[in-house]
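> Sharing a model prediction with you, sequence too.
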Amino acid sequence: MRDLAMSVAGLKQLLDQETSFIHELEAYSNALQLKINTIESFIDEVRSKKIEWEQNAEEYVAHPLNSFSLIRRMHEDWRYFELYMSEPVGKVHTDNVKRLSKEMAPRHVDLDDAMMAIIRLQYYYELDAANLINGLINGRQYNSQLTVLEAFSMAQFCIRQRLHEYAINWFKESLKLYDNIKNYELCELVYNLTASKVYGDYANLLLYKGYNVDALNLLNKVADLNVDLWLTRRPVEESAFYINASPQFIKDSRSPVQTGCADQFPASTKFTCHFQRDFSHFLRLAPLKVETLSLDPYVVIFHDVIYDREIQELKSIELSTLRHDRSENPKNSMKYVTLEKKKNDVLNYRIKDMTGMQIGRDKDFLLMNYGLGGHIKLHLDEQPLELVDSVTSIIFFLSDVTQGGATVFPNLSISVKPIKGTALLWHNMNNKLSDDYRTEHTSCPVLVGSKWTLVKWLHGGTQVLS
């Protein structure tokens, strides 16, 4: 499956794939251990012979059985062990790991997507790298933490993206983690993460930004223990002058979108609730529960309007049918699939009850699952279809989201949390049938959770022709 980071539901397959990697590595480790045990058994055997002749070598070889055993052992056993030592260990398992890596491992673009998602969460929710590393996400503590490998990868990614403020913060945390790791050999021999790499890259960034004194202070801690860092320090020491400023960044004021995503809009006293009974006889028996957020433009929430059985059926689709279009919306991070429905489908009838509008050509739905830090950028619902622009937009929320993922209308100071079973509805055009830019909206990045939505657009031409 491609574009792994663009759908949380699709990420579950990586857990099964990692299980396959673990199985092969365990089998490889067992094969290595068997070889080690065999070699050690032989070493014990020949060492016991060595103990016998160390007392008096000439007396030992004077015995015919000892001499015969020695000659045979040197002629045959050591040759066998020479061949045994040269045999590759666990080749079938190394081949399987290579095959799994080729078939299953995320691509470079998937890792970039994941790291950009972390930066997006930091930006929208003003999250600190130190808190993220320790599993503290927007005030809520989780058991998940990041390692020095993830922190250092984030720092390097930020450099490539020229996000130097983020890079400096990630480097600071990388150093703390690196200085406290318990297995330096694993980091250096397997992951090629060395002190010269961690300290050197950070120092070079500080020098690039003009923070010479900070770079020198950093290198002074470790340069005498590492020749590469000692060589890096020399030109810094020899500089004629230093720029004494330490990294300080001016924090931008929070944007309306950030305010909405953080659920910091002022509380409104204009919200009202009512039962909707107008658009069909059925509603007289089972009215819809409506919460009005705005009358101009019209924005409402329908509560308990889609049921668990329907949600389960919608989400039971084959995950491979979900797709992400990088060319269409490169800044959005979700996957979707069009669900073809008939006009007399139960959900289409329900939408007629919700809106009093005709379905016409607008019979299909868009099912979406958001990815890691999944979001949709600020936009107005304008579809270049054959008729006219979208008159009404409807989002059914098919899952609760632990943190984040609100739909925000920054021009209206409205923020709507995704709650399973509810639907958000609004009109995109004003009374003059022109685009109402007050309804510009965004789907805030999902912090924690899997966000599923079902989207329907009703277009003006359908209503005119009806």
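Received it, and whenever you're ready, just let me know what you need.

> ok now do the residue lying farthest from the centre of the chain, which residues does it touch?
Of all residues in the chain, residue 62 sits farthest from the chain's C-alpha centroid, using C-alpha atoms, centre = their mean; the distance is 72.4 Å. Residues counted as contacts of residue 62 (C-beta atoms under 8 Å, 6 or more residues apart in numbering): none. C-beta: built from backbone N, CA, C; applies to glycine.

> What count of nearby residues applies to residue 336?
Here the neighbour count serves as a burial measure; for residue 336 (other C-beta atoms under 10 Å) it reads 21.

> what's the answer for the one 4 residues further on, then?
Number of residues near residue 340 (other C-beta under 10 Å) recorded here: 8.

> for it, what are its contacts?
For residue 340, the contacting residues are 363, 364, taking C-beta under 8 Å, 6+ apart as the criterion.

> could you redo the last one with a cut-off of 6 Å?
Each residue near residue 340 by C-beta atoms under 6 Å, 6 or more residues apart in numbering is listed here: residue 364.

> what's the answer for residue 209, then?
Not one residue lies near residue 209 by C-beta under 6 Å, 6+ apart.

> ok, now how distant is it from residue 171?
Relative to residue 171, residue 209 is positioned 11 Å away (criterion: C-beta to C-beta, to the nearest Å).

> tell me the pLDDT at the residue farthest from the centre of the chain?
Reported pLDDT at residue 62 in the predicted model: 89.

> Could you give the backbone dihedrals for it?
According to degrees, to the nearest 10, the main-chain angles of residue 62 amount to phi -70, psi -20.

> How about residue 19?
Dihedral pair for residue 19: phi -60, psi -40, per degrees, to the nearest 10.

> got it, and residue 127?
Main-chain torsions, residue 127, degrees, to the nearest 10: phi -90, psi 140.

> so what's it closest to, chain neighbours aside?
Counting by C-beta to C-beta, 6 or more residues apart in numbering, residue 121 is the residue found nearest to residue 127 once chain neighbours are left out, at 5.8 Å.

> part of a helix, is that neighbour?
Yes: assignment of residue 121 by DSSP: H, G, I helix; E, B strand; the rest coil places it within a helix.

> For the residue nearest to residue 444 when sequence neighbours are not counted, give me the pLDDT.
Nearest in space to residue 444, with sequence neighbours left out and distances taken as C-beta to C-beta, 6+ apart, is residue 261 at 3.7 Å. The model reports residue 261 with a pLDDT of 95.

> need the contact list for residue 261.
With contacts defined as C-beta under 6 Å, 6+ apart, the neighbours of residue 261 are 124, 408, 444.

> Was I right to think the residue nearest to residue 127 contacts residue 371?
No: using C-beta atoms under 6 Å, residue 121 makes no contact with residue 371, being 12.0 Å away.

> just to revisit the earlier point, for the contacts of residue 261, pick the one with the most neighbours.
Of the contacts of residue 261, residue 444 is surrounded by the most neighbours, 29 neighbours in total, counting by other C-beta under 10 Å.

> all strands for the stretch 251-400 of the chain, in order.
In the stretch 251-400 of the chain, strands defined by DSSP state E, counting those that start in this stretch lie at 272-276, 288-294, 299-303, 334-339, 365-370, 376-379, 390-397, listed in chain order.

> can you redo those as CSV with mean pLDDT and distance to residue 94?
Converted to CSV, these look like this (pLDDT from 0 to 100; distance: least, C-beta to C-beta, whole Å):
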stretch, mean pLDDT, distance to residue 94
strand 272-276, 87, 64
strand 288-294, 92, 59
strand 299-303, 95, 56
strand 334-339, 93, 34
strand 365-370, 94, 36
strand 376-379, 92, 43
strand 390-397, 90, 47
